[in-house]
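A structural model of the following input is requested.
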Amino acid sequence: MHVSKKIGFLSFGHWTPHPTSSTQSASDALLQSIDLAVAAEEVGADGAYFRVHHFARQLGSPFPLLAAAGARTSRIEIGTGVVDMRYSNPLTFAEDAGAADLISGGRLQLGISRGSPEQVIDGWRHFGFEPAEGESDADMARRHTETALEAISGRQFARPNPRPMFPNPPGLLRIEPHSEGLWRRIWWGAGSDATARWAAQRGMNLMSSTLKDDESGEPFHVQQRRQIEAFREEWGRHEHGFEPRVSVSRSIFPIVSDLDHRYFLGSGERSDQVGYIDSTRSVFGRTYADEPEALVEQLRGDEAIQAADTLLLTVPNQLGVAYCASVMENFIRYVAPALGWR
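All right, here's what the predicted structure looks like:
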């Protein structure tokens, strides 16, 4: 049976000046990220997504990268997974997003969230942001998000200057450049069932990552499938005018070559991992690393992958563009068809 499922990659964009790393510098990480998007398109993948972290040797400024990748490709989705909205000026975010989306021809898929633990204490304060009285930093991120969503939707809100430098269209003004339809391609990175419902209420797609709050003690993939169901149930209570999408991320490595054996044989985990994020018990998804036939059987049992319409493969970017492209190509060639996804 054929099941429509998009397959993309998610790169954390690490770089480190270590002899074994293919990304020795920030320049390497950025330029190779663009090359990886091109390579992913060439091997038949559907999406190129990038993680954003600040004060870290990772990809911290997404929109120049998204615009460049959009300009070098023609079909593949270009996205983030995710932008921490505690650090984002919502109107600047809307401007940059509109420009990058227009450059790509309407292929942007923006994953955003309330953020995760960062490299420095309250790093968003260094960016000039402060929670309002009675707000938490997570509340501030959601406030920034709601303002950004309104701006991206094209809402006209700014009173024009009666003596402008250039002529204005009639009425209140909106953020420019405006990209029609981008508001339907915003995703919320939800770590709990409650935040998944919040995303559905506000008309955002759901991006569920490789970890979530441990809310029931059940296996990770079961909890994540329940989160997806809660999201879709809540979505059905609202009139957003389009069908939402849902993505999950997984570390999946088909072992088909000697190099795959050397890197990943024996690295697959048979059970979930548990840790604490901001004092909240969290459950982490397992890594899948096996020969294609075994992977097919294992992935059939992953309820969240089956429930989602988009699967993002986390790639080890420091192993280089060619190797990461081979991971995607091997998955698309040897695993996806047996699951009915190609």
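
worst-scoring helix or strand of the protein, pLDDT-wise?
strand 273-277 (a mean of 74; mean pLDDT, DSSP states H and E).

Can I get the helix or strand following that one as CSV, trimmed to CA atoms?
Toward the C-terminus, strand 273-277 is succeeded by strand 280-284 as the next helix or strand (DSSP states H and E). C-alpha atoms of strand 280-284 as CSV (Å, rounded to 0.1, in the frame of the first residue of the first chain):
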residue,chain,number,x,y,z
THR,A,280,11.1,17.9,33.6
ARG,A,281,11.4,14.2,33.0
SER,A,282,11.8,13.7,29.3
VAL,A,283,11.9,10.6,27.1
PHE,A,284,14.2,10.4,24.1
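
Which other helices and strands does strand 280-284 contact?
strand 211-213, helix 220-235, strand 273-277 (3 or more C-beta pairs under 8 Å, 6 or more residues apart in numbering; DSSP states H and E). Just so you know, the C-beta spots here come from the backbone N, C-alpha and C atoms, and that holds for glycine as well.

Where do the helices of the stretch 101-250 of the chain begin and end?
123-126, 137-152, 193-201, 220-235 (DSSP state H, counting those that start in this stretch).

And the contacts of the second one?
Right, the one you point to is helix 137-152. Helix 137-152 has contacts (C-beta atoms under 8 Å, 6 or more residues apart in numbering) with 84-86, 88-91, 93-94, 97-98, 112-115, 122, 124, 129-132, 135, 157, 174-175, 179, 182-183, 186, 188, 198, 202-204.

Now do the buried residues in that helix.
By 16 or more other C-beta atoms under 10 Å, the buried positions in helix 137-152 come out as 137-138, 140-142, 144-145, 147-152.

residue ranges with poor pLDDT in this protein?
For the chain, the stretches flagged by pLDDT under 70 are 1-3, 267-270.

Give me the residue at the spatial middle of it.
By C-alpha atoms, centre = their mean, the chain has its centre lying nearest to G81, at 1.9 Å.

With distance to S279 added, can I get the buried residues of helix 137-152 in a markdown table?
Output for those, formatted as a markdown table (distance: C-beta to C-beta, whole Å):
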| residue | distance to S279 |
| --- | --- |
| D137 | 14 |
| A138 | 13 |
| M140 | 19 |
| A141 | 18 |
| R142 | 20 |
| H144 | 23 |
| T145 | 23 |
| T147 | 29 |
| A148 | 28 |
| L149 | 29 |
| E150 | 33 |
| A151 | 34 |
| I152 | 33 |
